[in-house]
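Colleague: Got a predicted structure here, sequence first:
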Amino acid sequence: MGMIYIGVDPGKKGGYTILTHKGVLAFPWDDNEFVDDLRSISGNPCIAAVEKVGAMHGQGVTSMFSFGRSAGYIEGVLAALGIPYQLVPPNVWKKEFSLIGKDKAASIQTCKRLFPGINLLPTEKCRKDSDGMAESTLLAEYARRKM
């Protein structure tokens, strides 16, 4: 089957992406779906790039705790399934795609340029592309290029 690359953008509006030689699938964040999807591919050679998150200026204590808990959950799932991963700081993976200092819309545009036809809508009813899904896709592509 070849190597499978996983990109994860932690957070409430984050996402995860599975990139194979057959194509790319981006998903909105969902704890249960994440576990099920990764469990289904865990017997294959995989590697994941997870955005390394940290405290953001102006963010409340409760939301920071929740964010950290989510990041720990992701790392725990990957470890439990035996999927090697690397925490990649935003400035590192964004540099690869010339996105330093650019907004979320630029991530969506870059993702669509690299993966024409990718679906970045979290649900069928959504009309706006998910920057979390776009950034998780760019993280998966970063893993393919650099890991």
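Modeller: Cool, the structure landed.

Colleague: contacts, neighbours, all on C-alpha from now
Modeller: Fine.

Colleague: after the lowest-mean-pLDDT helix or strand in the chain comes which helix or strand?
Modeller: Using mean pLDDT, DSSP states H and E, helix 61-80 stands out as the lowest-scoring helix or strand of the chain, at a mean of 82. Next helix or strand after helix 61-80 toward the C-terminus (DSSP states H and E): strand 85-88.

Colleague: tell me the SS of T17?
Modeller: In terms of secondary structure, T17 is strand; the call rests on DSSP: H, G, I helix; E, B strand; the rest coil.

Colleague: what about the closest residue to it other than its chain neighbours, which SS state?
Modeller: In this structure, T17 finds its nearest non-sequential neighbour in A26, 4.2 Å apart by Cα to Cα, 6 or more residues apart in numbering. Recorded secondary structure, A26: strand (three-state DSSP).

Colleague: how many other residues sit next to A26?
Modeller: By the measure other Cα atoms under 10 Å, the count of residues near A26 is 26.

Colleague: begin at 46 from here
Modeller: Will do, 46 is the new start, and the previous item becomes A71.
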